[in-house]
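In: Quick one, fold the following:
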Amino acid sequence: MPLADHVPALRHRNFRLLWLSQLVSMAGSMMQSAAILWHVSLLVPAAKRGLALGMTGAVRILPIVVFSIVSGVVADHFDRRKVMMVTQSLMALAAAALAALSFSGSRALWAVYLLAGLSSAFWAFDGPSRQSLIPNLVPREHLPNAISLNTIMFEVASIAGPAIGGMVIAWGGVGWAYAINAVSFLFVIVALLMMRGVAVRPEGTGSGVSMHAALEGLRFVFRTPLIRATMLLDFFATFFASATALLPIFAQDVLKVGAQGYGLLSAAPSVGAVVAAAAMVPLAERIRRRGPVLMAWVAVYGAATMVFGLSRNFALSFLCLAVTGVADTVSVVIRNLVRQLATPDSMRGRMTSVNMVFFMGGPQLGELEAGLVAQGFGAPLSVVTGGIGCVLSVLWVAWRTPALRAYRREEPTARELERAQP
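Out: The predicted structure follows:
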């Protein structure tokens, strides 16, 4: 079967431009995320490292919570490409400032927190516009494929970014990781300028940026049971099972593998995720029992997190993190497919901005929770109890949301219809 049959979304030039440029830029962003955690761990005494790493999550999520609602309205009212060009430029400047701070030899932890918070604020406006732009770049029948390909892009970048970042940090320090990220944003800006034939504004937009428009988005999300349930599941699962912030402690004190080992551990979830995402490209549109499949894989995510917390072997730890990547990717593809198909274009920016609070809030607040528990009881216990909490949250959401338990794909796909023809 020709490759084009598996990746029809890449036939569309505008999507292809965004996809390829985002691959480079996202790898840089993932490199910076890992570098910030390593940077913070070097600026504080070992006794305070857990709390300091947990605070990194707090300074990242606060701007997202503050700006998420208005950023969704902006994405639904203005030209999404122009919004992205502004946000990508601002994120490049923030990365350059982090590089300058590191190269100067400054040990000001507050400055790292401030610049990390500014990057999150700019990302809060970038995310809704970027995610809402995708359905405008491909026809509806190719949207499941585009979402799966976007997941592959994200996960490949998540592998390349931390892995290369670990080597860059070991070679020249965190400043070079920040500098490389600053350059990577230029790829997206050029790609956006090269796009042709994309709608200037979403269809059906309202009167403009207003509190009424923001509240309209909130009402839509919370009155749509499937969208609401997937967001709650995402938030609670990642809140309890977020071990990312503690990886420097595991690399340095538990597994004793240093900066390069830290880079590999940071990339491990994405190793599994790329395998899962590649499988989901042809399979996403065929999954019928979407609700049960979603919940089952989130439970696997929690179980693998528990084993990682108990492990003292690098290979086993890497494997457990890779399994979390597989589980998370399957659930991400299904969640995104449900949301995009259930949301009209005029509401996609606001839906995405609300989802961003759940999507980012869970891991970032989870990092703070993990850091606090690690500070008092140790990193391994923090991770193990988090995995247990993840599994319990799946059971709670399943009990509270019968619609998610019963959710099935109702309509045949275009491919199935073609096969049914004589």
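
In: elements contacting the strand or helix carrying Gly302?
Out: For Gly302, the element it lies in under DSSP states H and E is helix 290-310. In terms of contacts (3 or more Cβ pairs under 8 Å, 6 or more residues apart in numbering; DSSP states H and E), helix 290-310 is packed against helix 225-240, helix 314-342, helix 379-400, helix 402-405. For glycine as for every other residue, the C-beta is placed from the backbone atoms N, C-alpha and C.

In: Next, format those as CSV and append distance to Ser266 and mean neighbour count.
Out: Compiled in CSV, the helices and strands packed on helix 290-310 are given as follows (distance: least, Cβ to Cβ, whole Å; neighbours: other Cβ atoms under 10 Å):
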stretch, distance to Ser266, mean neighbour count
helix 225-240, 16, 22
helix 314-342, 9, 22
helix 379-400, 15, 19
helix 402-405, 31, 16
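
In: among those helices, which is nearest Ala35?
Out: For the helices and strands packed on helix 290-310, the distance to Ala35 is smallest for helix 314-342, at 18.6 Å, taking Cβ to Cβ.

In: tell me what the next helix or strand after the closest one is packed against?
Out: Once helix 314-342 ends, the next helix or strand along the chain (criterion: DSSP H and E) is helix 348-377. Here helix 348-377 touches helix 49-77, helix 109-133, helix 211-222, helix 225-240, helix 314-342, helix 379-400, going by 3+ Cβ pairs under 8 Å, 6+ apart.

In: Can you give the distance of helix 348-377 from its chain's centre?
Out: 11 Å (Cα atoms, centre = their mean, to the nearest Å).

In: Start the count at 50 instead of 1 going forward.
Out: Renumbered: residue one is now 50, and that last one reads helix 397-426.

In: which of the residues in it are buried?
Out: 397-420, 422-424 (16 or more other Cβ atoms under 10 Å).

In: do stretch 92-110 as well
Out: Buried, per 16+ other Cβ under 10 Å, within stretch 92-110: 93, 98-99, 101-106, 108-110.

In: Going by distance to Pro177, which of those wins?
Out: Nearest to Pro177 among the buried residues of stretch 92-110, with distances taken as Cβ to Cβ, is Ile110, at 15.8 Å.

In: Contacts for stretch 312-320 next, please.
Out: Contacts to stretch 312-320, defined as Cβ atoms under 8 Å, 6 or more residues apart in numbering, come from residues 83, 204-216, 218-219, 293, 296, 299-300, 304, 306, 366-368, 370-371, 373-374, 377.

In: Show me which of those are buried.
Out: 83, 204-215, 218, 293, 296, 299-300, 304, 306, 366-368, 370-371, 373-374, 377.

In: So which of those sit within strands?
Out: Residues of the buried ones among the contacts of stretch 312-320 located in strands (DSSP state E): none.

In: Ends of stretch 286-295, what's the gap?
Out: One end of stretch 286-295 to the other measures 17 Å (Cα to Cα, to the nearest Å).

In: for the record, mean pLDDT for the helix holding Gly351?
Out: Here helix 339-359 scores 88 as its mean pLDDT.

In: Ok, stretch 295-305 next?
Out: Rounded mean pLDDT across stretch 295-305 is 85.

In: can you check stretch 235-253 too?
Out: 80.

In: Look up the pLDDT of the residue nearest to Trp172 when sequence neighbours are not counted for me, please.
Out: Excluding the flanking residues, the one nearest Trp172 by Cβ to Cβ, 6 or more residues apart in numbering is Met140, at 6.6 Å. Per-residue pLDDT puts Met140 at 97.

In: And for Met140, the neighbour number?
Out: 27 (other Cβ atoms under 10 Å).

In: Tell me how far it lies from Leu370.
Out: 27 Å (Cβ to Cβ, to the nearest Å).

In: got it, and Leu313?
Out: Leu313 is 9 Å from Leu370, by Cβ to Cβ.

In: Which of the helices and strands packed on helix 397-426 sits closest to His88?
Out: When these are ranked by proximity to His88 (Cβ to Cβ), helix 158-182 comes first, at 5.9 Å.

In: Show the low-confidence segments of this structure, by residue range.
Out: 50-55, 248-259, 290-291, 333-334, 409-410, 413, 458-471 (pLDDT under 70).

In: What residue, apart from its backbone neighbours, is nearest Leu100 spatially?
Out: Using Cβ to Cβ, 6+ apart, the nearest residue to Leu100 is Gln424, at 4.8 Å.

In: The closest residue to Ala160 other than its chain neighbours: how many residues sit nearby?
Out: The spatially closest residue to Ala160, leaving aside those adjacent along the chain, is Leu150, at 5.6 Å (Cβ to Cβ, 6+ apart). By other Cβ under 10 Å, 20 other residues sit near Leu150.

In: list the contacts for Leu150?
Out: Leu150 touches 157, 160-161, 164, 224, counting by Cβ under 8 Å, 6+ apart.

In: Just the buried residues from those, in ChimeraX please.
Out: Filtering those down to the buried ones (16+ other Cβ under 10 Å) takes a single ChimeraX command:
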select :161,164,224
